[in-house]
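In: Got a sequence here, can you model it:
(chains A, B, C and D)
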Protein chains: 4
Amino acid sequence: MADRDDPPNRPGSPGVVAGVSETDRVKAFSDGVFAIVITLLVLELRVPEHEPGGLLHGLLQEWPAYLAFVVSFVYVGVIWLNHHALLRLVAGMTLALNWINLAVLLGAVIVPFSTSVLAAALAPGSDDRDRRVAVVLYAVAAALMSAPWMVLFGYLRRRPELLSPGVTRRYIRSQAFRPLTGLLLYGLSGLLGWFVNPVVGLVGIIVMICYHALTSEGLREGPLGRLLGRGSAGRPAS
Amino acid sequence: MADRDDPPNRPGSPGVVAGVSETDRVKAFSDGVFAIVITLLVLELRVPEHEPGGLLHGLLQEWPAYLAFVVSFVYVGVIWLNHHALLRLVAGMTLALNWINLAVLLGAVIVPFSTSVLAAALAPGSDDRDRRVAVVLYAVAAALMSAPWMVLFGYLRRRPELLSPGVTRRYIRSQAFRPLTGLLLYGLSGLLGWFVNPVVGLVGIIVMICYHALTSEGLREGPLGRLLGRGSAGRPAS
Amino acid sequence: MADRDDPPNRPGSPGVVAGVSETDRVKAFSDGVFAIVITLLVLELRVPEHEPGGLLHGLLQEWPAYLAFVVSFVYVGVIWLNHHALLRLVAGMTLALNWINLAVLLGAVIVPFSTSVLAAALAPGSDDRDRRVAVVLYAVAAALMSAPWMVLFGYLRRRPELLSPGVTRRYIRSQAFRPLTGLLLYGLSGLLGWFVNPVVGLVGIIVMICYHALTSEGLREGPLGRLLGRGSAGRPAS
Amino acid sequence: MADRDDPPNRPGSPGVVAGVSETDRVKAFSDGVFAIVITLLVLELRVPEHEPGGLLHGLLQEWPAYLAFVVSFVYVGVIWLNHHALLRLVAGMTLALNWINLAVLLGAVIVPFSTSVLAAALAPGSDDRDRRVAVVLYAVAAALMSAPWMVLFGYLRRRPELLSPGVTRRYIRSQAFRPLTGLLLYGLSGLLGWFVNPVVGLVGIIVMICYHALTSEGLREGPLGRLLGRGSAGRPAS
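Out: Numbers count the residues shown, from 1 in each chain, chains lettered A, B, ... in the order given. Modelled structure (predicted):
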């Protein structure tokens, strides 16, 4: 069925696994977007205005920009790792999958914007209300980022023929838990940032980024002990 | 014939389908360009000038930039999907195809420019005449974008030996209808934007982007019902 | 011999032609650089400062930026096509080849800089001497760009074992004529731009870009008539 | 063991060597980042403010920006070559390897920032203390860049099953010497730049970049005489 859709590139199943299949071009495009996003973050780091002899002082004053840069660098790295792990589960693309993927990329592409808002709002002498706004913006953007992933797992559950060999629907179902966690906890970080304290909200965001970093290869039993590639709960060995 | 042209990389037909053929590098380059264009759009989103405490108000005032960003993001996504679907039809590149492809990329590369003009012209308090100019610029750029696609389909019809196995000239001929629609209807959107109202023109542009989004895998009978990869009118199964 | 150098990726000759060989990563990196350079050119196109209602006038005043943009877009496209054709001749990379390639990329990366100098110097009301300087800068950068290509063809002639199957040393020798032409004629364009008239120099540059565009697949007998992929003088069919 | 981890893409060992394996996507992403970083450097080169007729003088005054541009271009080129040579040694990725790789990319991504600080601090009429700060910043960033490489070689020594066929642990151990040299000598360059003279520090940095350029394919006996791909000490031929 899926085969009938793309005669040129998929003369048979081997094409899906080995050669340059449709998934490959989606990977190439997505990798390009992630690579550009993660690199554009550096444009936020600028030579500070300074008096002669005051460069060091000026650079040190810019710490919020460095903090926002590192947080967002890791965040985009995490999104890429998740995307990477995800596309290994998929053997062929449909138009719907392409659009879900574009929604994921949209979420990644706005990271430099929410990063620069955050860096500006954390600058020394900035207003507390502005800091709350910036943390909420960052958290909301990250929470919304979870939406296309939820749609994606739901879609893949209804189209098991798109899955790579050896990937079960049960595994897909178990993974849908992760974007749901993201939606709720990034949202909670935003609420904490707004009603309690922007720093608390920012810490919540950083914790969530670490959570997604540690689970980017998929949820497993005993994730920490199996981090380096030993366990594979739910995902059956081929 | 085409084979004689590139001895090194195409020892025989298998090289065209499976290995790293010439088409692959065109894909890689084009994907790079599309990925950069779609990501550069974010540079339009900037921290607004604001009073202390006025960040939220400043961000909300920037809605035209967000609108222009999302429209252009989807527009470039659509171009990429179309390009993606197109190159699946082609098994080998010639110098002429490379130049037609570069013309398509030229059309994509200027999108961030017409986007920033549009965002600036829609900003609160801007002049009505400037808004018309910006909508017309966007529409004309999108209409001109159709020109290389029309040339392309005409060229492929005359060089059927460049087509992937299973792709018929009849299929190519039927696809040529889409860029023609684009040329006419983007042009019409520009006229409406100029003589009637810039908002009407902008709505026309958005409708056209949606049209190309829904048909990006090629025109089919009953496109909506077959969106997710079931029908394949005109494009014969291999 | 070259094989001994990279055991992991080249288990035998097939790896060079078919799989992901060393040349592939050089292609990917180079394609990335070319794609970014050609796209960054758009950053030169900016919303002009204008009175309310004066957007159209402001846009029209920017014609030198559009001219410089299109010339450089085609120029980078030509460099990419030449690079593309060149790497098809090479079956394996050495450290020296990598550095020659980086020199080619350096020449490409500075194009947005010479483009923006040219656009600024052609702006209405600019000084004649500045125009000459900008045209000379563009021509000198393009002439120097020929240097690594000349080194490259010389190197390949001394290392025929790096050539793809079917590519002869005689073919390589015949191609060395093209960068030499580039060096001399871009240089001449610069001299004309400085001593005669910047417009004459600019026309010379554009003519040279067209020359390299038409010959980017390699010099042939009767280039124009064989543009679309029929003749292959010097490059023997496999 | 590693195989069990990624059923979809690695049906057996052949997938690791030939097809689009996991390492390939890491290469694509990393190449994208390197390509963007090396190209973004050009954004540092800007049309200088100048009087009518003073463009040439203005361009010449910008020499520190050109120097910083070329040094950083070569530096990023060297990082890419090293990365390139390194990934040839690795046959599969783990989550830990992905994070070490992201740390390497982080080091590369900040190069445009330290470059622009350096260019600004070397500008005519700048303060001596600022020049020292800028050279130290560049040297410290380069020294820290060595850290993930050291972690990487240590990790690979403990996970020999991730190595490409024919790569020995002894070879990996011998390579760990290079990042250690980098850490110490970039650090020394920073100290010289701060306590002695910024120019001395800058020369030290340039010498180190050349050292890494010449050894980017791995340390060998008699590196200079074997530069162009003849000797292969430590790395056994397959």
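
In: remind me, longest helix of chain A?
Out: Assignment by DSSP state H gives helix A:128-158 as the longest helix of chain A.

In: Going by neighbour count, list what's buried in that one.
Out: A:129-153, A:155-156 (16 or more other C-beta atoms under 10 Å in any protein chain shown). For glycine as for every other residue, the C-beta is placed from the backbone atoms N, C-alpha and C.

In: quick one: least confident helix or strand in chain A?
Out: Across the helices and strands of chain A, mean confidence by mean pLDDT, DSSP states H and E is lowest for helix A:13-17: a mean of 33.

In: Can you name the next helix or strand after it?
Out: Sequence order places helix A:22-40 as the next helix or strand after helix A:13-17, per DSSP states H and E.

In: by how many degrees do that next one and helix D:22-40 diverge?
Out: When axes from the mean of the first three to the mean of the last three C-alpha atoms, to 10 degrees is applied, the directions of helix A:22-40 and helix D:22-40 differ by 40 degrees.

In: ok, helix A:22-40 near chain D or not?
Out: Yes: for helix A:22-40 and chain D, the contact criterion (C-beta under 8 Å from any C-beta of the partner chain) is met by A:D24, A:K27, A:A28, A:D31, A:G32, A:F34, A:A35, A:I36, A:I38, A:T39, A:L40.

In: mind listing what the residue lying farthest from the centre of chain A touches?
Out: No residue in chain A sits farther from the centre than A:P52, which is 41.2 Å out by C-alpha atoms, centre = their mean. Taking C-beta atoms under 8 Å, 6 or more residues apart in numbering or on different chains as the criterion, A:P52 is in contact with D:S126, D:D127, D:D130.

In: Just say helix, strand or coil for it.
Out: coil (DSSP: H, G, I helix; E, B strand; the rest coil).

In: for A:R173, same thing?
Out: Per three-state DSSP, A:R173 ends up helix.

In: Nearest residue to it in space, ignoring adjacent ones along the chain?
Out: A:R157 (6.1 Å; C-beta to C-beta, 6 or more residues apart in numbering or on different chains).

In: and A:P179, what does it touch?
Out: Contacts of A:P179 by C-beta under 8 Å, 6+ apart are A:S146, A:A147, A:W149, A:M150, A:F153.

In: For chain A, which residue gets nearest to chain D?
Out: Using C-beta to the nearest C-beta, the closest approach of chain A to chain D is made by A:A35 at 2.9 Å.

In: Please name the nearest non-neighbouring residue to that residue.
Out: D:G32 (2.9 Å).

In: Run through the residues that contact that neighbour.
Out: For D:G32, counting by C-beta under 8 Å, 6+ apart, the contacting residues are A:D31, A:G32, A:F34, A:A35, A:I36, B:G32, B:A35, C:G32.

In: Count the neighbours of the closest residue to the fifth one other than its chain neighbours for me.
Out: What it means is A:I36. Closest residue to A:I36 apart from its sequence neighbours, by C-beta to C-beta, 6+ apart: B:T39 at 4.2 Å. Using other C-beta atoms under 10 Å in any protein chain shown, B:T39 has 26 other residues around it.

In: What of A:E51?
Out: 10.

In: got it, and A:I206?
Out: Neighbours of A:I206 (other C-beta under 10 Å): 16.

In: need the contact list for the residue nearest to A:I36.
Out: Contacts of B:T39 (C-beta under 8 Å, 6+ apart): A:V33, A:I36, A:V37, A:L40, A:V109.

In: where does chain A dip in pLDDT?
Out: A:1-21, A:216-238 (pLDDT under 70).

In: Need the residue closest to the centroid of it.
Out: Short answer for chain A (C-alpha atoms, centre = their mean): A:I79, at 2.2 Å.

In: In terms of helices and strands, where is it?
Out: helix A:63-87.

In: what about that helix, near chain D?
Out: Yes: using C-beta under 8 Å from any C-beta, we find that helix A:63-87 touches chain D at A:V70, A:F73, A:V74, A:G77, A:W80, A:L81, A:H84.

In: on contacts alone, who are the packing partners of that helix?
Out: helix A:22-40, helix A:95-109, helix A:111-122, helix A:128-158, helix A:198-214, helix D:22-40, helix D:95-109 (3 or more C-beta pairs under 8 Å, 6 or more residues apart in numbering or on different chains; DSSP states H and E).

In: And the ones you listed: which comes nearest D:I205?
Out: When those are compared by C-beta to C-beta, helix D:95-109 sits nearest D:I205, at 14.4 Å.

In: And that closest one, what does it pack against?
Out: helix A:22-40, helix A:63-87, helix D:22-40, helix D:63-87, helix D:128-158.

In: Which strands and helices lie in contact with the longest one?
Out: What it means is helix D:128-158. Going by 3+ C-beta pairs under 8 Å, 6+ apart, helix D:128-158 lies up against helix A:55-61, helix D:63-87, helix D:95-109, helix D:111-122, helix D:169-175, helix D:177-195, helix D:198-214.

In: Point out the most buried one among the ones you listed.
Out: Compared across the helices and strands packed on helix D:128-158, helix D:111-122 shows the largest average neighbour count, a mean of 24 (mean count of other C-beta atoms under 10 Å in any protein chain shown).

In: How far does that helix sit from its chain's centre?
Out: 17 Å (C-alpha atoms, centre = their mean, to the nearest Å).

In: quick check: angle from it to helix A:22-40?
Out: 30 degrees.

In: And A:V199, how close does it get to A:A134?
Out: 12 Å (C-beta to C-beta, to the nearest Å).

In: CA atoms of stretch A:55-69 as PDB?
Out: Extracted C-alpha coordinates of stretch A:55-69, given in PDB (Å, rounded to 0.1, in the frame of the first residue of the first chain):
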ATOM      1  CA  LEU A  55      35.900  44.500  27.500                       C
ATOM      2  CA  LEU A  56      36.200  42.000  30.300                       C
ATOM      3  CA  HIS A  57      33.600  43.700  32.500                       C
ATOM      4  CA  GLY A  58      31.300  44.000  29.500                       C
ATOM      5  CA  LEU A  59      31.700  40.300  28.700                       C
ATOM      6  CA  LEU A  60      31.000  39.300  32.300                       C
ATOM      7  CA  GLN A  61      27.800  41.400  32.300                       C
ATOM      8  CA  GLU A  62      26.500  39.300  29.400                       C
ATOM      9  CA  TRP A  63      26.100  36.100  31.600                       C
ATOM     10  CA  PRO A  64      22.400  35.900  31.000                       C
ATOM     11  CA  ALA A  65      23.000  35.600  27.200                       C
ATOM     12  CA  TYR A  66      25.500  32.800  27.900                       C
ATOM     13  CA  LEU A  67      23.100  31.000  30.200                       C
ATOM     14  CA  ALA A  68      20.300  31.300  27.700                       C
ATOM     15  CA  PHE A  69      22.600  30.200  24.900                       C
END
